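1. Got a predicted structure plus its sequence, pasted below:
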Amino acid sequence: MSQRERLQVLAAIDLLDGRAVQLVQGNPEATEFADDDPVALAQGWIEAGCPGLHMVDLGGALDRGQNRDLATRLIDASDVPVQIGGGVRVADDVERWLDAGAERVIVGTRAVTDPAWLRRVAERFPEEVVVAADVRDGKVLVRGWQEASEETLESLLERLAPLPLAGVLVTDVNREGQMRGADLGLFGRAVKASAHPLIAAGSVTSIEDLRALDERGVHAAVLGMTLATGTIEIAALQQEFWK
């Protein structure tokens with residue numbers, strides 16, 4: 001049996017109003033970090049050894065205006081794989097981001113609310129689509145984390161199992177941006193329930209969190225506020241994960 005690949009640690013670039021931002025629990029009025037030069041920010045992390053970028057157009061997700069030109073410039077300037085989402089609601093959006101150079105495209109709201117559409121998109125772009133399961137209090141959220149659906153994480157993962165997806169991104173919205181440490185129980189259960197590689201996001205705060213996620217079989221972890229605030233030192237990431 002081949003050895004499982006080590007946890008990948010991705011840097012988050014969330015775009016809103018032309019800036020890179022970090023929000024607390026997805027609230028656009030609770031911005032804890034902002035950078036006016038997202039391209040330079042991303043380049044700094046890539047030069048430090050970051051193996052991939054996780055990019056979200058929050059403007060598109062929240063219907064506050066897309067950041068497509070800025071996101072395209074970020075993809076063009078990056079020599080590592082980029083996964084991108086935010087406001088992706090039609091198949092042509094997936095195709096446009098793939099044509100722009102993204103390796104994977106994240107779909108959220110419509111993936112949850114329209115299973116037939118998701119099936120068609122996954123079959124049209126096999127192994128190139130990631131489904132975002134944004135979870136708060138056991139329910140999957142939609143429309144930029146503004147509404148709760150009737151779907152639980154477990155029921156969603158079961159429904160996704162037959163589809164040719166690249167992965168499932170589980171975000172713990174309860175802890176997002178709060179630096180409380182990862183909910184290891186949540187992510188451990190999600191790994192066991194998912195037929196696809198699991199990507200974890202939401203208050204991953206320490207090297208110890210990353211090690212624990214790795215031990216539980218998580219495929220990748222997204223660092224947002226943790227990187228923005230320097231809570232985890234780049235040197236520590238380089239020693240274990242950014243090699």
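-> Received the coordinates, thanks.

2. Confirm residue 126 sits in a helix?
-> No. Residue 126: not assigned to a helix; according to DSSP: H, G, I helix; E, B strand; the rest coil it is coil.

3. Run through the residues that contact it.
-> residue 164 (C-beta atoms under 8 Å, 6 or more residues apart in numbering). Where C-beta positions appear, they are placed from N, C-alpha and C, glycine not excepted.

4. Would you mind identifying the next helix or strand past the helix or strand of the chain with the lowest mean pLDDT?
-> Scoring the helices and strands of the chain by mean pLDDT, DSSP states H and E places strand 27-35 at the bottom, with a mean of 65. Note on strand 27-35: by DSSP states H and E, the next helix or strand toward the C-terminus is helix 38-47.

5. What helices and strands are in contact with that next one?
-> Packing partners of helix 38-47 (3 or more C-beta pairs under 8 Å, 6 or more residues apart in numbering; DSSP states H and E): strand 8-16, strand 19-24, strand 53-57, helix 68-77.

6. hmm, 7 Å instead?
-> Counting contacts by 3 or more C-beta pairs under 7 Å, 6 or more residues apart in numbering; DSSP states H and E, helix 38-47 packs against strand 8-16, strand 19-24, helix 68-77.

7. Nearest approach to residue 183 belongs to which of the ones you listed?
-> Comparison of these against residue 183 by C-beta to C-beta identifies strand 19-24 as nearest, at 16.0 Å.

8. which stretches of this structure form helices?
-> For the chain, helices defined by DSSP state H occupy the ranges 38-47, 58-61, 68-77, 91-99, 109-113, 115-124, 153-160, 184-193, 207-215, 225-228, 234-240.

9. Could you dump the ones you listed into TSV with distance to residue 9, mean neighbour count and mean pLDDT added?
-> As requested, the helices of the chain are arranged in TSV below (distance: least, C-beta to C-beta, whole Å; neighbours: other C-beta atoms under 10 Å; pLDDT from 0 to 100):
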stretch	distance to residue 9	mean neighbour count	mean pLDDT
helix 38-47	10	17	94
helix 58-61	21	24	74
helix 68-77	18	17	93
helix 91-99	22	17	96
helix 109-113	24	22	90
helix 115-124	26	16	97
helix 153-160	22	18	96
helix 184-193	14	18	95
helix 207-215	6	17	96
helix 225-228	9	22	86
helix 234-240	6	14	95
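
10. Now distance to residue 5 too, for these, in JSON lines please.
-> Listed next are the helices of the chain as JSON lines, based on distance: least, C-beta to C-beta, whole Å:
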{"stretch": "helix 38-47", "distance to residue 5": "20"}
{"stretch": "helix 58-61", "distance to residue 5": "29"}
{"stretch": "helix 68-77", "distance to residue 5": "24"}
{"stretch": "helix 91-99", "distance to residue 5": "23"}
{"stretch": "helix 109-113", "distance to residue 5": "25"}
{"stretch": "helix 115-124", "distance to residue 5": "23"}
{"stretch": "helix 153-160", "distance to residue 5": "21"}
{"stretch": "helix 184-193", "distance to residue 5": "14"}
{"stretch": "helix 207-215", "distance to residue 5": "10"}
{"stretch": "helix 225-228", "distance to residue 5": "21"}
{"stretch": "helix 234-240", "distance to residue 5": "14"}
